[in-house]
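S.K.: Model the following, please.
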Amino acid sequence: MSKITGVFPSLPVATTGQSLVSHAGLKVVTSFVDTLGFRGLCEDRLGQFVPSGARHRPGTILGSLAVMLAGGGDHVSDLDILRAGAGVFGKVASNATVSRFFERIVTNPELFSYGFATLMRELRSRAWESAAERNPALTATALDPLIVDLDATLVTSHSDKERVAGTYKGGYGFAPFIASIDYGTGNGTGEVLAAVLRPGNAGANSADDHIKVFTQAIAQLPDDFYDQDGQLIGEKVLVRTDSAGASRKFLHYLSSLGVQFSVSYPVPVMKANMVAWINDKQYWQPALDQDGDDRSNAWVINATDVFRLTDYPPGTNLYLRAEPLHPGAQATLLDMDGHRVTAFLTNSPRWHGPALDARHRARGRCENRIKTLKNTGLGKLPFFDFHANQAWANIAALAMNLVSWLQLTALPTGHKARCWDIKRWRYRLFATAGKLITRARQTRLLIADKAPEAGTITTLLAATAELKTRLRHRAPHLA
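M.R.: Predicted coordinates for the structure are as follows:
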C-alpha cells in the first residue's frame, strides 16, 4: 500500500489547447471600462498619439495597461498575461507598439497630460453620477465637505533615470506628490485625483508644490463643485495635510478660494499653564474615536486664545490633542506631564473640537491610498524619460481608480469588498480562473461556482450591465 508523504498532491502536468483563462476575474474591470465609454473618450482626447491607420487605438493601449496594473502587473511585458486570454481581454498591443506610444508621449508631454486629465475628469463624472445617492459630489456640503488629502511619498529608482536625485532618507529616486479623495469609513477606499512626479530631492514643505498639486486636483472635480461662472465652490472642499502643508502661503491661497483646510501644526514650546490644563480635564473635551465614541484617555481643546496665531487666514483655529504616551514611545521635550500633545489648524465652520480632531486624525487613511497607488504601478517607474514615467504614474492612478469606482458604484452598501485593498482584490477575485466555451454560436466565460468570490463577480457583472443600460438611455453616444 502506497503512502502519501508530500504536503500537496503529486499530479502529472501537461499542456492543453483548451481555452483556459487565468485572471478571469478581471472581467469585472474590463466590463466596467467599456461601460464608462472608455474607448470613445480615449479616441477623442488622445487619438493624435496613435497613427490614423493603426490597429491598436489609444483606448486599447491605455485600457490594457490599466487592467494589467490593476491585476498585479509591474511592467509592459506583463501584458503577456492578458494576451494569453485574448478571448476575454481582446487583442492586446505588442510591447513594441506600447513603447512607440510612450515615445510619442515624450515628444509632446503637455498635450498628453492635458488630454489625459480631461479624460480622467469625464470618467470620474460618469462614475460618480452612476453612484446615485453615494455620489461624493451630492453629499459634499460646507459642514461635511469632500476631503482632499495631500501628501508626498518616495519611490526608489534602482537605475539612473532622468531627474532622479537623492532623497532625505538617503535613498535615490523620485518624490511624487499625491492628491487623493477620502470617501469616509465604509464608503470605499478612496481615489487619486493627481499624482505629480518630482525629483527625489524635492522638498515636502514647498508651498508652491502644494498649490500645484491642489490646482491639478480641483481641476479633476466634476461640474457639481463649480458655480455657473466656472468658479470653485470652495466651501464644499476640505484640504487635509500633515505639517508640511501648514505654510502661511498655502493656507492663504486656500482661504482665497474659500476652501476649508485641516493641517497638522508643529507644537510650539508649551507654556507653563498648559500643564495645569492637561491635568485639569474640565478645560478639555474627551476625544472621539473613528466610530464617534468618547475615548477615556485622550482629550481635545481649542487653544486659539492661548497660542496667538499671527498672519494666518481669518477664522483659523488651533486645536490641541493630549493623550498619554503609548507604550514604547520615546518622550520628547514637548511631552508635558507624561502626555503627548499634538496640534492642527483648521478654518472649518464646525466648532466641535473632538469631531474636528477625529476628522483630522483620519488623514492616516491617505497612507493606504498611496500604498495602493504604488502597488498599481507607481512603485516601479519603468522608463528612463521623466515624462514617460509621469504618464505611467497617471495610468497607475487610472488603474487604482477603476477599482475604487467599482466599489463606489457597483457594490451594495455594506458589502465586504467595499473596504478591500488592492491586494485582496487580486488574490480573492482577479486571480479567479475561467474557461471559454462556445455553445449555440455564443462564446461564454465559465467560472467555478466554488470559487471564493464567484458571488461577488456575478454581483459586479450584473451591476455593471445595469449601469451600462442606464448610461445608454441617458447618453446614447456611449453605446
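
S.K.: okay, CA-based contacts and neighbour counts for the rest of this
M.R.: Fine.

S.K.: got a list of what the residue lying closest to Tyr226 once chain neighbours are set aside touches?
M.R.: Spatial nearest neighbour of Tyr226, excluding adjacent residues (Cα to Cα, 6 or more residues apart in numbering): Leu232 at 4.5 Å. Each residue near Leu232 by Cα atoms under 8 Å, 6 or more residues apart in numbering is listed here: Phe225, Tyr226, Leu257.

S.K.: quick one: Ala454 and Val148, what's the gap?
M.R.: Computed as Cα to Cα, to the nearest Å, the Ala454 to Val148 distance reads 34 Å.

S.K.: Kindly report the same for Ala358.
M.R.: From Ala358 across to Val148, the span is 16 Å (Cα to Cα).

S.K.: Then Ala298?
M.R.: 26 Å.

S.K.: Have a look at those two and say which one is more surrounded.
M.R.: Per other Cα atoms under 10 Å, whichever of Ala298 and Val148 has more neighbours is Val148, with 27 against 20.

S.K.: pLDDT below threshold where in the stretch 351-479 of the chain?
M.R.: The stretch 351-479 of the chain contains residues with pLDDT under 70 at 473-479.

S.K.: All the helices of it, residue numbers only.
M.R.: For the stretch 351-479 of the chain, applying DSSP state H, counting those that start in this stretch gives helices covering 353-361, 365-373, 386-409, 422-425, 454-474.

S.K.: Would you mark the buried spots in the second one?
M.R.: Same thing as helix 365-373. For helix 365-373, the neighbour count (16 or more other Cα atoms under 10 Å) marks Arg365, Cys366, Arg369, Ile370, Thr372, Leu373 as buried.

S.K.: That one vs helix 386-409, what angle?
M.R.: 120 degrees (axes from the mean of the first three to the mean of the last three Cα atoms, to 10 degrees).

S.K.: Which strands and helices lie in contact with helix 365-373?
M.R.: Judged by 3 or more Cα pairs under 8 Å, 6 or more residues apart in numbering; DSSP states H and E, the packing partners of helix 365-373 are strand 177-182, helix 386-409.

S.K.: next one: it to chain centre, how far?
M.R.: 7 Å (Cα atoms, centre = their mean, to the nearest Å).

S.K.: Could you tell me the angle between that helix and strand 177-182?
M.R.: Using the same axes, to 10 degrees: helix 365-373 against strand 177-182 is 110 degrees.

S.K.: Can you tell me what sits against helix 365-373?
M.R.: Residues outside helix 365-373 that contact it (Cα under 8 Å, 6+ apart): 149, 151, 153, 178, 180, 182, 189-192, 379, 396-397, 400, 421-422.

S.K.: again, only this time at 10 Å
M.R.: Under the contact criterion Cα atoms under 10 Å, 6 or more residues apart in numbering, helix 365-373 has outside partners 69-70, 148-153, 177-182, 184-185, 189-192, 195, 240-241, 374-376, 378-379, 393, 396-401, 421-423.

S.K.: same thing with the shortest one?
M.R.: The contact list for helix 422-425 (Cα under 10 Å, 6+ apart) reads 25-26, 70-72, 189, 369, 371-373, 375-376, 400, 403-404, 417, 429-431, 453.

S.K.: What count of nearby residues applies to the residue lying closest to Pro58 once chain neighbours are set aside?
M.R.: Nearest residue to Pro58 in three dimensions, chain neighbours excluded: Cys42, at 5.7 Å (Cα to Cα, 6+ apart). By the measure other Cα under 10 Å, the count of residues near Cys42 is 23.

S.K.: And Cys42, how close does it get to Leu356?
M.R.: If you measure Cys42 against Leu356 using Cα to Cα, the figure is 41 Å.

S.K.: Next secondary structure after the worst-scoring helix or strand of the chain on mean pLDDT?
M.R.: The weakest-scoring helix or strand in the chain, judged by mean pLDDT, DSSP states H and E, is helix 273-279 (a mean of 60). The first helix or strand that comes after helix 273-279 along the chain, using DSSP states H and E, is strand 285-288.

S.K.: Please name the strands paired to that next one in the sheet, noting orientation.
M.R.: Note on strand 285-288: by DSSP bridges, its sheet partners are strand 294-302 (antiparallel).

S.K.: and the partner strand with helix 353-361, angle?
M.R.: Here strand 294-302 runs at an angle of 90 degrees relative to helix 353-361 (the same axes, to 10 degrees).

S.K.: residues of strand 294-302 that come out buried?
M.R.: Applying a neighbour-count criterion of 16+ other Cα under 10 Å, one finds Ala298, Trp299, Val300, Ile301, Asn302 buried in strand 294-302.

S.K.: Ok, stretch 249-268 next?
M.R.: Judged by neighbour count using 16+ other Cα under 10 Å, the buried positions of stretch 249-268 are 249-252, 254-255, 258-265.

S.K.: next one: it to chain centre, how far?
M.R.: 22 Å.
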